[in-house]
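Trainee: Need coordinates for the following:
(one chain, ligands or ions: 2)
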Amino acid sequence: MGIITNLTRMWLTRSARRFVFTGEYDQKLPFGGCRNLGLYIHIPFCASICNFCPYCKVPYSEQLCSRYIDALIREIHMVGRQTAEKKVVTSLYFGGGSPALAAGRIREIICAVSEHFIITEGIGVELHPDNVTPAILRVLKDAGVTKISIGIQSFQKKYQKELGRAAVDVSAMASALHTAAFETVSMDFIFALPGQTFDDLRADIALAFENGANHIAVYPFIDFAFTSSAVRTMPAKEKRQLLDALTAYCEAKGYTRTSIWTFSKGQNARYSSMTRDNFLGFGCSATTLLRGQFKINTFSVEEYCRRIDAMQLPTSLTLRFTRRQRMVYYLFWTAYSTKVATADFEAFFHVPLKKMYGMELRFAKWLGFVTEHDGVYCMTPKGAFYYHYYENFYTLSYIDKMWGIMRAEAFPGRIEL
Ligand SMILES: C[S@@+](CC[C@H](N)C(=O)[O-])C[C@H]1O[C@@H](n2cnc3c(N)ncnc32)[C@H](O)[C@@H]1O
Ligand code: SF4
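Mentor: Ligands and ions are numbered 1, 2, ... in the order given. Have a look, this model is predicted:
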């Protein structure tokens, strides 16, 4: 597995240099000149822990949560104060964990952010189905939240059981959703669970759109090495059949593909914290992507609070990009939206995309992975499948290794990928 990602990295970066993450970090982050900057806030608390979940999370405790949110607000000010004027940003996303466990403090966090940033494309919050109540939705809406994403995983009891989750009460959720209008109501599903058929998935998607969603995210199940999940992965051939059937179904229904895994009903529904040129991440495990660097905060809630108490940023590791590494990073995450515009690449790197990756793009066209219209490369369904296939390798060779280490050590010092 590592061989594929290593060879691809060497080919695309034209160098044998690995991605080297070290413990040194900037206390002042160079984000002032970044265009298309997004914000992400991580709230790592969950009422109960799901054993398939790779994200940074801990069981909820009122006292720890309150200490953490105090530290989080201080981190936002520490970074936000670094620009003289308020910085215009695209969106703000809260992820977790289950951010609604801190619903009572979301307004305070948004106020802290608004002291330094002007949010132009809305605020999103990830919700556990148990958090979809009229009271919580009201608090979020009053705080300025415009998009929500609910982690359904499956409406069917057998798969919820397989994942160790309780069944979702669909009618209670639907009536709660009627009490507060959001621009985007997204629902997350996991597909390629053992035995799952297209009919199962189609029923889930139909139920989502009938019960308040205008956007869905359908993620392939990933078996992370450091999780204790007993769920088996589906063989690649079956997975491809499911993905193809799912894509064809959503397209026939007139849903718009907004990224590799997401579809929307209606043009305005969008929910993605990933496809942005640059972003600042706050909270433990949050990542920050800037022109020259990618950095990750510590995964330890304790150490996170301790660093903030010492008036230091909670950065655990920083990767300083070579120019080609940054291009690969840009292309990989932009391709996630299924489209890469040559003009955007050129505006970011001041060099034509064709000059840097002309041969690769011709090859991708020849293989039927992309089509090109007016300088925009669009991924075909075949391209989307292979992107997914490669992303799986990337996730298992890079993210799995890195998160595995970071969960075990607050400040690992150095990681090479
Ligand atoms: C932070 S979690 C969800 C938010 C909320 N805490 C919940 O559980 O409903 C974000 C999403 O990641 C997806 N996810 C989690 N573990 C996954 C795995 N092992 N493979 C694929 N997707 C996964 C799920 O669809 C989940 O809704
Ligand atoms: S899936 Fe959601 S509720 Fe479950 S552990 Fe992960 S973040 Fe927490």
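Trainee: Tell me which residues of stretch 71-78 come out buried.
Mentor: By neighbour count on 16 or more other C-beta atoms under 10 Å, the buried set for stretch 71-78 is A71, L72, I73, R74, E75, I76, M78. Glycine gets a C-beta too; all of them are placed from N, C-alpha and C.
Trainee: Then stretch 334-354?
Mentor: 334-342, 344-346, 348-349, 353.
Trainee: coming back round to it: going by distance to ligand 2, which of the buried residues of stretch 71-78 wins?
Mentor: Nearest to ligand 2 among the buried residues of stretch 71-78: L72, at 16.9 Å, using C-beta to the nearest ligand atom.
Trainee: Tell me how this protein divides into domains.
Mentor: Per automatic domain parsing, the structural domains of the chain span 1-17+324-410, 21-264.
Trainee: how about these in JSON lines, adding mean pLDDT?
Mentor: Formatted as JSON lines, these follow (pLDDT from 0 to 100):
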{"stretch": "domain 1-17+324-410", "mean pLDDT": "85"}
{"stretch": "domain 21-264", "mean pLDDT": "94"}
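Trainee: Go through the ones you listed and pick out the most buried.
Mentor: Most buried of the domains of the chain by mean neighbour count (mean count of other C-beta atoms under 10 Å) is domain 21-264; its value is a mean of 18.
Trainee: and the end-to-end length of it?
Mentor: One end of domain 21-264 to the other measures 36 Å (C-alpha to C-alpha, to the nearest Å).
Trainee: Likewise for stretch 362-378?
Mentor: From start residue to end residue, stretch 362-378 stretches across 13 Å - C-alpha to C-alpha.
Trainee: How about stretch 141-150?
Mentor: OK, stretch 141-150 end separation, C-alpha to C-alpha: 15 Å.
Trainee: How about the secondary structure of G368?
Mentor: coil (DSSP: H, G, I helix; E, B strand; the rest coil).
Trainee: Surely it touches T380?
Mentor: Yes - at 5.9 Å, G368 and T380 qualify as touching, with contact defined as C-beta atoms under 8 Å.
Trainee: Got the phi and psi for P44?
Mentor: phi -90, psi 30 (degrees, to the nearest 10).
Trainee: correct me, but it touches G97?
Mentor: Yes - the criterion here is C-beta under 8 Å, and P44 meets it with G97 at 4.3 Å.
Trainee: got any residues that touch both of the two?
Mentor: Here P44 and G97 share the contacting residues Y55, C56, K57, scored by C-beta atoms under 8 Å, 6 or more residues apart in numbering.
Trainee: got a markdown table for the residues you listed, with distance to ligand 1 too?
Mentor: What follows is these, written out as a markdown table (distance: C-beta to the nearest ligand atom, whole Å):
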| residue | distance to ligand 1 |
| --- | --- |
| Y55 | 5 |
| C56 | 9 |
| K57 | 7 |
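Trainee: how about the residues of the stretch 51-200 of the chain near ligand 1?
Mentor: 52-55, 95-96, 98, 126, 128, 151, 153, 188, 190 (C-beta under 6 Å from any ligand atom).
Trainee: Many thanks, have a good one.
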